[in-house]
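Engineer: build me a structure from this.
(2 chains)
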Amino acid sequence: MVNPILLIIVPLGTAFLISLTASFLKNSTKYLALLAMIANVWVSIKLLPAVMQHPINVVIAGVKPPLGINLFVGPLGAVFSILISAAGLLILLYSFKYIEGDSQHKYYTLFLLLITGSHGMILTGDVFNLFVFFEILAISSYILVGYEGKRNGLEAAVKYLILGSIGSILILVAVALIYQEAGTLNMADLADKFGMIDPSKRLMILVFFITGMGVEAAVFPLNSWLPDAHSSAPSSISAMLSGFVIEVALIIIVKFVYSIFAMTEILGFLSLVAVITLLVGEFAAYKQSNIKRVLAYSSIGQIGLILFAMSLNSTDGLNAGLMQIINHTASKSILFLVAGFLIVRTGSYQISDYRGIAKKMPVSAFFFVVGVLSLLGVPPFFGFFSKLSVVMAALHTGSVFNTVMVFLVLLGTIIESIYFLRIIQIMYNREGDVGSVKEAPFLPLLAIAAFTVVILAGFLVLPQITGYTGSVASEIVRKMQMAQVF
Amino acid sequence: MNGVLSISTVLNFGSAGLIVLGLYIVFTQKNLIKMVIGIDLAETGVNVLLVSTGYIKGNTAPIFSKTGLQVSSMVDPVPQALVLTSIVIGFGVSALALAMIIKLYEKTGTLDTSKIRGLKW
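Structural biologist: Numbering: from 1, shown residues only, chains lettered A, B, ... in the order given. So this is what the prediction gives:
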């Protein structure tokens, strides 16, 4: 059996190794990052079948929980580890040609720290440890947003940093209150003891925690940083931030609400917030003329959709939300990665400057169309099945509130299709001429193609995927118990 | 307690005050450096809250400094470990924020968020 702690140690250790060896390895440090990511993918794939049998619990430094720190890997941890490391590996391959300049080792160091933070947040079994990994993730993403050192990037990074710090302060307040009231920091132990806390204090902890984590998960109205940060970052980083970082924060909120705090009465409020997030994101995306801002606002819309599915208080809803996360990771990564080379080749962020670009960059344009169609939920792409299951899960609850919400969600999808199809129409315009523009290099296209395969072939392995997401969903719904973990 | 405020109450109210004050500064000030100061204040407030959770009246520091010290006469060491971590993280974030603000100042020549306006604030 492989030890899940490798998922955290390998990228963290390699990040330090890269900064140590950067002076003589120069830009070859990227191959170290590649090795680390391949190892991560291998470990996470090995982990999945083992975890499906029985959750793995790793005690760190020999002190047994609840006093010590542990990693807890259930189906949720395994599935998200695969998502993070696979998307990370492909985006790393893309970065090889996309990131240029002499100090690339800084990029790869931070890249691996971002991966470390994401894995840590998903796998840890300790509330304070969660905060530490959250900070690793947040700090590395602040720097990566401003990596190019341009004015917009720096401004977005500072804005992200200020809002993100407020979020982490609120999380820390929640952690302090948890320790004050429950006397434990272990998640399973906390789940046992949380019910004994005074109800008003329980609500206070929940509000602090959700608000703090909601900043990173870009839930309305805490998402004002996202359009700037995701649109000003290098495109590979935008793909990571949109592809799994906000989803990791979101799944932590969902996990706490269901299986640790067990306060499902808040879910009605969350689904209202989710639909508002979705509509705000889609309407704002409609008005944008900068391609990366369109994609960033569309991410807000998608986060709304995922949160809506996950706050239905049913296993079906959670399952649908997880499928939508997989779909969003693949399709939004494609869109951001293609947009990266559209911007490099034309030197413009404006959609109107891409008139007729499909003639010059046919492969990129094709991938873009596939990404869009899957995001919109057109059959037979994977997005169709995930969106269908969201709608079905909502209608199955049978409540009038959810039915109304589904209509609003579908309204959001219509707006989404209007602005995305407008972009495609401009790209495939016959009269347009973008001058002498070259197709993107082979390696980035290969990485994008791998994401496309997930979307195109997703429906062939649909039963397997729903099998895994189903067991993740049933893990989240079940309340965590100390006895069951140890 | 003979009607006098206990230390825990003072610490709780003090930390809440620091957090509110810090967040108020972040939301009302336009100067980026002042916003960082606000974040630092709020972080200090959280650190005070963390330390106060482990406080037990009349007990001593959790170090076996002289013989005969009992565990039951010590304060809870866990929050102190947490607060050390939290201080280090807070220091790192502030240093990073100031470094980024210097870079931003080099590009824009101002620290006023209402004048930077490359993006919407």
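Engineer: and chain B, which residues reach chain A?
Structural biologist: Residues of chain B lying near chain A by CB under 8 Å from any CB of the partner chain: B:19, B:22-23, B:26, B:32, B:35-36, B:39, B:42-43, B:46, B:49-50, B:53, B:78-79, B:82, B:85-86, B:89, B:92-93, B:96-97, B:100-101, B:103-104, B:107-108, B:116, B:118-121. (Glycine included, C-beta is placed from N, CA and C.)
Engineer: off-centre distance for the helix or strand that contains residue A:213?
Structural biologist: Assigned by DSSP states H and E, residue A:213 falls within helix A:199-217. Distance, stretch centre to chain centre, for helix A:199-217: 20 Å (CA atoms, centre = their mean, to the nearest Å).
Engineer: neighbouring contacts of that helix?
Structural biologist: For helix A:199-217, the external contacting residues (CB atoms under 8 Å, 6 or more residues apart in numbering or on different chains) are A:134, A:137-138, A:163-164, A:166-174, A:177-178, A:181, A:194, A:197, A:222, A:225, A:245-246, A:249-250, A:252-253, A:256-257, A:261, A:263, A:266, A:270, A:303, A:307.
Engineer: how about stretch B:70-79?
Structural biologist: Residues external to stretch B:70-79 that are found in contact with it (CB under 8 Å, 6+ apart): A:176, A:179, A:185, B:50-51, B:53-56, B:59-62.
Engineer: CA atoms only for it, dumped as CSV, please.
Structural biologist: Listed next in CSV are the C-alpha coordinates belonging to stretch B:70-79 (Å, rounded to 0.1, in the frame of the first residue of the first chain):
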residue,chain,number,x,y,z
GLN,B,70,2.2,19.0,38.1
VAL,B,71,0.5,18.9,34.7
SER,B,72,-2.7,19.9,36.4
SER,B,73,-1.1,23.2,37.5
MET,B,74,-0.2,24.2,34.0
VAL,B,75,-2.1,26.1,31.3
ASP,B,76,-3.0,24.3,28.0
PRO,B,77,0.0,24.2,25.7
VAL,B,78,-1.9,23.5,22.5
PRO,B,79,-3.1,27.1,21.8
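Engineer: any low-confidence regions in the chain?
Structural biologist: You didn't pick a chain, so chain A it is. For chain A, residues meeting the criterion pLDDT under 70 lie at A:483-486.
Engineer: hmm, no, I was thinking of chain B.
Structural biologist: Counting by pLDDT under 70, chain B contains low-confidence ranges at B:1-4, B:117-121.
Engineer: ok, the residue minimising distance to the centre of chain B - contacts?
Structural biologist: Centrality entry for chain B: nearest residue to the mean C-alpha point is residue B:44, 1.6 Å, by CA atoms, centre = their mean. If a contact means CB under 8 Å, 6+ apart, then residue B:44 has B:18, B:22 as its contacts.
Engineer: change it to 10 Å
Structural biologist: For residue B:44, the contacting residues are B:14, B:15, B:18, B:19, B:21, B:22, B:87, B:90, taking CB atoms under 10 Å, 6 or more residues apart in numbering or on different chains as the criterion.
Engineer: what's the fifth one in contact with, if anything?
Structural biologist: Translated: residue B:21. Shown in contact with residue B:21 (CB under 10 Å, 6+ apart): B:38, B:41, B:42, B:44, B:45.
Engineer: buried set for the helix or strand hosting it?
Structural biologist: Taking DSSP H and E as the criterion, the element that holds residue B:21 is helix B:7-28. Applying a neighbour-count criterion of 16 or more other CB atoms under 10 Å in any protein chain shown, one finds B:11, B:12, B:15, B:18, B:19, B:22, B:23, B:25, B:26 buried in helix B:7-28.
Engineer: next secondary structure after it?
Structural biologist: On the C-terminal side of helix B:7-28, the nearest following helix or strand under DSSP H and E is helix B:32-53.
Engineer: tell me the helix or strand right after that following helix.
Structural biologist: Along the chain past helix B:32-53, the next helix or strand (assigned with DSSP H and E) turns out to be helix B:78-108.
Engineer: residues in contact with the residue nearest to residue A:474 when sequence neighbours are not counted?
Structural biologist: Counting by CB to CB, 6 or more residues apart in numbering or on different chains, residue A:474 lies nearest to residue A:315, which is 5.9 Å off, once chain neighbours are set aside. For residue A:315, the contact set (CB under 10 Å, 6+ apart) comprises A:393, A:470, A:472, A:473, A:474, A:476, A:477, A:478.
Engineer: would JSON lines of those residues with neighbour count be doable?
Structural biologist: JSON lines is the format used below for the contacts of residue A:315 (neighbours: other CB atoms under 10 Å in any protein chain shown):
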{"residue": "A:393", "neighbour count": "23"}
{"residue": "A:470", "neighbour count": "18"}
{"residue": "A:472", "neighbour count": "23"}
{"residue": "A:473", "neighbour count": "25"}
{"residue": "A:474", "neighbour count": "14"}
{"residue": "A:476", "neighbour count": "25"}
{"residue": "A:477", "neighbour count": "15"}
{"residue": "A:478", "neighbour count": "15"}
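Engineer: excluding its backbone neighbours, what's nearest the residue of the stretch 201-350 of chain A found nearest chain B?
Structural biologist: Nearest residue of the stretch 201-350 of chain A to chain B (CB to the nearest CB) works out as residue A:228 at 4.5 Å. The shortest distance from residue A:228 to any residue that is not its chain neighbour, by CB to CB, 6+ apart, is 3.9 Å, and that residue is residue A:156.
Engineer: so how far is the helix or strand containing the one you found from its chain's centroid?
Structural biologist: Mapping residue A:156 onto the secondary structure by DSSP H and E places it in helix A:151-182. Here the centre of helix A:151-182 is set off from its chain's centre by 18 Å, with CA atoms, centre = their mean.
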